[in-house]
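> give me coordinates for this.
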Amino acid sequence: MKSAIVFRELETSDYEFIAAIYNYYVIHSTATFHLELQTLEQITTALPKNNSVYKTWIINYHDEPCGYCYINYWKPREAYRRSAEVTLYIKPEFHGKGIGKVTLRFIEKEAQIAGISNLLGVITAENLASICLFKSMGYTEVGLLKNIGEKFGRLLDVATYQKEIKAS
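The predicted structure follows:
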């Protein structure tokens, strides 16, 4: 039986799709702290690609692209090579379908294969849906930066959630 949610690695033709999703969140949310729409060049530069460890995937739900996810450097220093930051963005009309949980499970498996043993989610503290998702998947809050960003005229906190996984 074919799964309703399928992942495939990023292709060059996906950048416009990703930019549209990301820029939706730039305009309508505090999920990202970018204040201006991001260009295709900025999106292309920001996403991990052509890397054996840090990758970007397109998420398909019933054969329709609905979002993207990636694992990227926690910090670009060799001592942190066993840790990675998890990011996922899903089109709003696909929220509430369990895609986030399946995506985090997928990322965890891919991270294990890549030798990563710590995953981190960096989430605006008012983003309760993302916080609930990460908590439900076993991530624990390990830090809170108070009033660290400003968007829509408000100072915002950022929480960091961590999950230790067993690398392969």
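> this protein: helices as residue ranges?
Taking DSSP state H to define them, one finds helices in the chain at 15-28, 40-46, 99-113, 128-136.
> which of those sits most buried?
helix 99-113 (a mean of 18; mean count of other Cβ atoms under 10 Å). From N, CA and C alone the C-beta is placed, and that goes for glycine too.
> just the CA trace of it, in CSV.
Coordinates of each C-alpha in helix 99-113 appear next as CSV, following Å, rounded to 0.1, in the frame of the first residue of the first chain:
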residue,chain,number,x,y,z
ILE,A,99,2.1,15.4,8.2
GLY,A,100,4.3,17.1,10.9
LYS,A,101,4.7,13.9,12.9
VAL,A,102,5.4,11.7,9.9
THR,A,103,8.0,14.4,8.7
LEU,A,104,9.8,14.4,12.1
ARG,A,105,9.9,10.6,12.1
PHE,A,106,11.4,10.7,8.6
ILE,A,107,13.9,13.3,9.5
GLU,A,108,15.0,11.3,12.6
LYS,A,109,15.6,8.2,10.5
GLU,A,110,17.6,10.2,7.9
ALA,A,111,19.6,11.9,10.7
GLN,A,112,20.4,8.5,12.2
ILE,A,113,21.7,7.2,8.9
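> if we can go back for a sec, could I get the helices of the chain as a markdown table with distance to Asn60?
Putting those into a markdown table (distance: least, Cβ to Cβ, whole Å) gives the following:
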| stretch | distance to Asn60 |
| --- | --- |
| helix 15-28 | 11 |
| helix 40-46 | 19 |
| helix 99-113 | 10 |
| helix 128-136 | 19 |
